[in-house]
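Undergrad: dropping a prediction and its sequence here:
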2 protein chains.
Amino acid sequence: MKLVQCVPNFSEGRRPDVIDQIVAGVQSAGVTLLDVNPDADHNRVVVTFVGEPDQVLEAAFRGIKLASQLINMEEHTGEHPRLGATDVIPFVPLTGATMADCIALAETLGEKIARELDIPVYLYESAAKVPERRNLADVRRGEYEALKLEIGEPARKPDFGPARMHPTAGAVVVGARPALVAFNVNLDSDNVKAAKAIAKAVRQSSGGLPAVKALGLMIEANHQAQISMNMVDFNMTGLLTVYRAIEVEAHKLGVGIANSEIVGLVPVKALLDVVMSELKLTDFSLEQVLELKLAARNEG
Amino acid sequence: MKLVQCVPNFSEGRRPDVIDQIVAGVQSAGVTLLDVNPDADHNRVVVTFVGEPDQVLEAAFRGIKLASQLINMEEHTGEHPRLGATDVIPFVPLTGATMADCIALAETLGEKIARELDIPVYLYESAAKVPERRNLADVRRGEYEALKLEIGEPARKPDFGPARMHPTAGAVVVGARPALVAFNVNLDSDNVKAAKAIAKAVRQSSGGLPAVKALGLMIEANHQAQISMNMVDFNMTGLLTVYRAIEVEAHKLGVGIANSEIVGLVPVKALLDVVMSELKLTDFSLEQVLELKLAARNEG
């Protein structure tokens, strides 16, 4: 079984009937819907679904096609940056799937969007064809309004489709990225200076661990300073590695760890990596996890 | 969702048509069959299935009823000790289920077997009504042939049903027990004496850790001494606790741990306990494991 997650962001957060139609289109491809999170201020909805690669591809395309018919970027306003009716659509490898699978999905979908819907497509993150398009913020620079004027320039030429915006749907950014784990570590103190120093020591942007984003902040409710993290690629740096690094940095600063928390969903592999490392566990397969074996059986 | 595993042992390991009929009866109740493991020498088959409590109860009853019709204990021979056509049938709590749920299932099933099939029933392990019946070997003392003569004695009075054997099906032993995890730790040496000493130090029977059975032995294939364990209640003693204890004992004896392995299936909770302990993880729910949430959705 190969499982892929897809998290399209559509530029509609105010009209429930439009959101419902898009979500129904996605679901009609047989994927499992995990979450629909609309935001009226952003005028945007984030949809999360999971399925086999073929299903996920078809579900994504159905959603994009409906969004191109139901959303008019000429009339769209909202706080969140965006380029199109379907703004950004990443594929994320889960159980049994690889990043290569997700890059292939992004390319297949991009080509199909251009060919069947006549919408320009950009590839980003792991699916990017050039380094300048890895970062979504760079691809989305100036938003819909600026890209409309600049799309004819060589630097902004789409990866698929025409070098002009779709009249209502704008452009779509398709990509592949690892699953993200939101992991917070709480100190046994209200020393927010220590939390900020630890965050700085462990995050990639200031020379720490690869694929770790971290901020030090105060959780007023329980008077604890916290290192709040996004683990953007747990295969690169896992939960145990960052936890141990925080332990060391905390020790240097005379504080300790009270506890940790995972916010939202976590792929089972991110947890198993901790067990395998701690117990020097070898030759272990996800199929040995009783509940996962059971889930696979029930699908068959 | 409450998931219960059931592992009936039926006294038929030689006639595939009989095994097939019993298994088909079990499956007809809508449970998920995980394994069917017949043994001709033992003349016995171990069937493993999983489902919601009501389904599992019905599946168990259908299997027992068929076994009582298809197996004649008066003609049964085999190496493995046994009391009846359905010899022993434990319920095991998995995700969302408790031992109390499984004890209740054992009692309900026991009463139903006695009432509808007129077969005497004994309760064992966590479902036992008296300490002398916790141990299966004590309940099964003398096997079918001895119990047939002794069942009228007060000490051998069944927990449910008549104080005489069923003419063909004998008696049934119903119970509840924790999930068992088979966990082996390999030393970085062929020092089997050390492995035996470590096994002795960690196993309950020689004063070690509760709910741990351990043997020291030699794995000839890779020239490694191994501590081979059955963790009979990982809520009592978990994988990390026994691993740490082995680390300490190995250190005393001047050997180290090469790796470890889990044989067969493991409930996800036994793995999560390691993660929660290592990362001081709090407020974590199994529903946060993406693949498990997905499995729950697909069932709904």
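TA: Sure, I can see it. Residues are numbered from 1 along each chain as shown, chains lettered A, B, ... in the order given.

Undergrad: drop to CA atoms for contacts and neighbour counts, all remaining ones
TA: Will do.

Undergrad: and for the strand or helix carrying A:Ala137, what's in contact with it?
TA: In this assignment (DSSP states H and E), A:Ala137 forms part of helix A:136-139. For helix A:136-139, the surrounding residues in contact (C-alpha atoms under 8 Å, 6 or more residues apart in numbering or on different chains) are A:122, A:124-125, A:132-133, A:173.

Undergrad: also stretch A:218-230?
TA: A:180-192, A:194-196, A:198-199, A:212-217.

Undergrad: so which bits of the stretch 201-300 of chain A are right by chain B?
TA: A:240, A:243, A:258-262, A:264-268, A:271-272, A:274-275, A:278-284, A:287-292, A:294-295, A:297-298 (C-alpha under 8 Å from any C-alpha of the partner chain).

Undergrad: among those, which are in strands?
TA: Among these, the members found in strands (DSSP state E) are A:258-262.

Undergrad: so chain A: which segments form each domain?
TA: A:4-176, A:181-286 (automatic domain parsing).

Undergrad: can you put those domains in a markdown table and add distance to B:Thr32 and mean pLDDT?
TA: Shown next, in a markdown table, are these (distance: least, C-alpha to C-alpha, whole Å; pLDDT from 0 to 100):
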| stretch | distance to B:Thr32 | mean pLDDT |
| --- | --- | --- |
| domain A:4-176 | 21 | 96 |
| domain A:181-286 | 18 | 95 |
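
Undergrad: mind putting those into a markdown table with mean neighbour count?
TA: Below are the domains of chain A laid out as a markdown table (neighbours: other C-alpha atoms under 10 Å in any protein chain shown):
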| stretch | mean neighbour count |
| --- | --- |
| domain A:4-176 | 20 |
| domain A:181-286 | 19 |
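
Undergrad: can you put these in JSON lines and add distance to B:Ala146?
TA: As requested, those are exported to JSON lines (distance: least, C-alpha to C-alpha, whole Å):
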{"stretch": "domain A:4-176", "distance to B:Ala146": "52"}
{"stretch": "domain A:181-286", "distance to B:Ala146": "44"}
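
Undergrad: how near is A:Thr86 to A:Tyr122?
TA: Distance of A:Thr86 to A:Tyr122, computed by C-alpha to C-alpha, to the nearest Å: 12 Å.

Undergrad: equivalent analysis for A:Gly208, please.
TA: 31 Å.

Undergrad: try A:Gly207
TA: 30 Å.

Undergrad: again, but for A:Glu75
TA: Using C-alpha to C-alpha, A:Glu75 is found at 22 Å from A:Tyr122.

Undergrad: quick one, strands of chain A?
TA: A:4-6, A:9-10, A:32-39, A:44-51, A:86-93, A:121-125, A:172-176, A:181-187, A:212-219, A:224-231, A:257-263.

Undergrad: the first one: partners in the sheet, and parallel or antiparallel?
TA: What that stands for is strand A:4-6. strand A:44-51 (antiparallel), strand A:86-93 (antiparallel) (DSSP bridges).

Undergrad: and the third one, by the same measure?
TA: Next to strand A:32-39 in the sheet, as set by DSSP bridges, lie strand A:44-51 (antiparallel).

Undergrad: need the contact partners of the strand it pairs with.
TA: If you take C-alpha under 8 Å, 6+ apart as the criterion, strand A:44-51 is touched by A:3-14, A:19, A:23, A:30-39, A:56, A:78, A:80, B:294.

Undergrad: gap between it and the chain center?
TA: Distance, stretch centre to chain centre, for strand A:44-51: 10 Å (C-alpha atoms, centre = their mean, to the nearest Å).

Undergrad: residues in contact with the spatially closest residue to A:Glu249 that is not a sequence neighbour?
TA: Using C-alpha to C-alpha, 6 or more residues apart in numbering or on different chains and skipping the chain neighbours, the partner closest in space to A:Glu249 is A:Ile198 (5.9 Å). By C-alpha under 8 Å, 6+ apart, the contact set of A:Ile198 is A:216, A:227, A:246, A:249-250.

Undergrad: closest to chain B among the residues you listed?
TA: Distance ranking of the contacts of A:Ile198 against chain B, using C-alpha to the nearest C-alpha, places A:Ile246 first at 10.9 Å.

Undergrad: in helices, which of the residues of the stretch 201-300 of chain A next to chain B appear?
TA: Among these, the ones falling in helices (DSSP state H) are A:240, A:243, A:268, A:271-272, A:274-275, A:278, A:290-292, A:294-295, A:297-298.

Undergrad: can you list the residues of the stretch 1-150 of chain A near chain B?
TA: Proximity of the stretch 1-150 of chain A to chain B, by C-alpha under 8 Å from any C-alpha, involves residues A:32, A:34, A:50, A:95.

Undergrad: wait, the last one sits on A:Leu3?
TA: Yes - taking C-alpha atoms under 8 Å as the contact criterion, A:Thr95 and A:Leu3 are neighbours in contact, 5.4 Å apart.

Undergrad: so A:Gln5 bridges to which residues?
TA: Judged by DSSP bridges, the bridge partners of A:Gln5 are A:Val50, A:Val92.

Undergrad: how far away is it from A:Arg133?
TA: Separation of A:Gln5 from A:Arg133 (C-alpha to C-alpha): 21 Å.

Undergrad: could you do A:Met218 as well?
TA: A:Met218 sits 35 Å away from A:Arg133, going by C-alpha to C-alpha.

Undergrad: how about A:Ala60?
TA: Look at A:Ala60 and A:Arg133: by C-alpha to C-alpha, they are 21 Å apart.

Undergrad: surely A:Val31 and A:Asp54 touch.
TA: No - look at A:Val31 against A:Asp54 with C-alpha under 8 Å: they stay out of range, at 9.7 Å.
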